[in-house]
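# Below: sequence and its predicted model.
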Amino acid sequence: MHKLKEILFKAAFESGKILKSYFEKEFEIESKDIISNLVTEVDKKSESKIIEIIKSEFPEHSILSEEIGALNSGDNAKWIIDPIDGTINYAHSIPLCCVSIGVEINRIIELGLVYNPLSGEKFFAEKNKGSFLNDKPIKVSKENNLHKSLLVTGFPYDTSGNPNKPVEVFAKFVNQDIPIRRLGSAALDLCWTACGRFDGFWEYNLNPWDTAAGYLILKEAGGKITNFQGNEYSVYEKEILGTNGLIHNDMLKVISDVRDEIPY
Ligand code: IPD
Ligand code: CA
Ligand code: CA
């Protein structure tokens, strides 16, 4: 585990240097499947650097990374990488973005690191050993009243016809006068819930690279993470509800009520 950790930190810091060096500068931006889903030259450079560092030490390990996809799949150790989470923020010079890397061994996420090089905040967790923000232990909030909570969410790039009704669920919380933020980085949403800034986070249609590290960081900080049915969450599924545990059932109820109440 010691060597894995060393390479995890090295990969995140080296790619963080790339994010820092291009921030607020000019770089190439392309659209992916839909026009608002962007990939920049910096995502690709960050990803190449991370993969180069991992491969130099662990050439046999599997990799699942947002822009390049799956490499070497088959090995029991898998690095799940988002070279920039919050690309739209990054492309607009908004310093809310991060490098997110989770290390999965035998299908269990063992290590997670979310690093925002622009703020200098580094969130780290190791399974059964707690979560840390810049090396200080963090815990979820103690808020148990949904109506006093601060929530955060994100929306899929394509919301139309979405069976999970993301806009309607958002409206249901807002109409109860519950404050909600939308940061634009799911990994930071999870980490900011882990350190108690937010009390709960939900989103539909995320990918393993968005949540692998943040999932472990929230869990190790004492949070609860399920799908929208209330079952234990896996990074390979699309629905995520992550909270301090105390408002979990109340949030789950709002989300499931909307599904039942509002027909298409
Ligand atoms: C996105 C961010 C955003 C979430 C999107 C993700 P990207 O990741 O995490 O908060 O709402 O669904 O795709 O594209 O910036 O890596
Ligand atoms: Ca992402
Ligand atoms: Ca990304």
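Alright, I've got the coordinates. Ligands and ions are numbered 1, 2, ... in the order given.
# can you tell me how far the residue nearest to Ile81 when sequence neighbours are not counted sits from Ser256?
Take Ile81 and drop its neighbours on the chain: the residue closest to it by Cβ to Cβ, 6 or more residues apart in numbering is Ser65, 3.9 Å away. Quick note: C-beta positions are derived from backbone N, CA and C, even for glycine. As judged by Cβ to Cβ, to the nearest Å, Ser65 and Ser256 stand 33 Å apart.
# Tell me which of those two has more neighbours.
Ser65 (23 against 14; other Cβ atoms under 10 Å).
# which residues touch the more buried one?
Going by Cβ atoms under 8 Å, 6 or more residues apart in numbering, Ser65 touches Glu47, Ile50, Ile51, Leu71, Trp79, Ile80, Ile81, Asp82, Pro83, Trp209.
# check which helix or strand covers the first one.
Element membership of Glu47 [criterion: DSSP states H and E] is helix 41-57.
# Name the surrounding residues that touch stretch 121-139.
By Cβ under 8 Å, 6+ apart, stretch 121-139 touches 1, 5, 12, 108-116, 120, 191, 194-196, 213-214, 216-222.
# Now do the same contact list for the residue most central in space within the chain.
Central residue of the chain (Cα atoms, centre = their mean): Ala187, 2.3 Å from the mean position. By Cβ under 8 Å, 6+ apart, Ala187 lies in contact with Asp82, Asp85, Gly86, Cys98, Ser100, Val114, Asp210, Thr211, Ala213, Gly214.
# Check Asn162 too.
By Cβ under 8 Å, 6+ apart, Asn162 lies in contact with Pro156, Tyr204, Asn205.
# Just the buried subset of the residues you listed, written out for PyMOL, thanks.
Burial among the contacts of Asn162 is assessed by 16 or more other Cβ atoms under 10 Å; the matching PyMOL selection reads:
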select buried, resi 204+205
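# nearest to Val169, of the contacts of Asn162?
For these, the residue nearest Val169 by Cβ to Cβ is Tyr204; the value is 8.3 Å.
# Phi and psi next, for that closest one.
Dihedral angles of Tyr204 (phi, psi; degrees, to the nearest 10) stand at phi -120, psi 140.
# For Val42, see how far away it is.
For Tyr204, the distance to Val42 (Cβ to Cβ) stands at 27 Å.
# Just give the nearest non-adjacent residue to whichever residue of the stretch 151-264 of the chain sits closest to ligand 1, would you?
Closest to ligand 1 within the stretch 151-264 of the chain is Gly154: 2.7 Å, counting by Cβ to the nearest ligand atom. Nearest non-adjacent residue to Gly154, counting by Cβ to Cβ, 6+ apart: Glu203, 4.5 Å away.
# who's in contact with Tyr233?
Taking Cβ under 8 Å, 6+ apart, we find Tyr233 in contact with Tyr215, Ile225, Thr226, Asn227, Glu239, Ile240, Leu241, Gly242.
# again, only using 7 Å
Taking Cβ atoms under 7 Å, 6 or more residues apart in numbering, we find Tyr233 in contact with Tyr215, Ile225, Thr226, Asn227, Ile240.
# can you put the residues you listed in a markdown table and add secondary structure?
What follows is the contacts of Tyr233, written out as a markdown table (DSSP: H, G, I helix; E, B strand; the rest coil):
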| residue | secondary structure |
| --- | --- |
| Tyr215 | helix |
| Ile225 | strand |
| Thr226 | strand |
| Asn227 | coil |
| Ile240 | strand |
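# where does the residue nearest to Glu30 when sequence neighbours are not counted land on pLDDT?
Here the nearest residue to Glu30 in space, its sequence neighbours aside, is Val39; by Cβ to Cβ, 6+ apart that works out to 5.5 Å. With respect to pLDDT, Val39 scores 85.
# doesn't Phe27 make contact with Val39?
No. Look at Val39 against Phe27 with Cβ atoms under 7 Å: they stay out of range, at 10.9 Å.
# between the two, which one's more packed in?
More crowded of Val39 and Phe27, by other Cβ under 10 Å: Val39, with 19 against 14.
# any idea what that one is structurally, helix, strand or coil?
Recorded secondary structure, Val39: strand (three-state DSSP).
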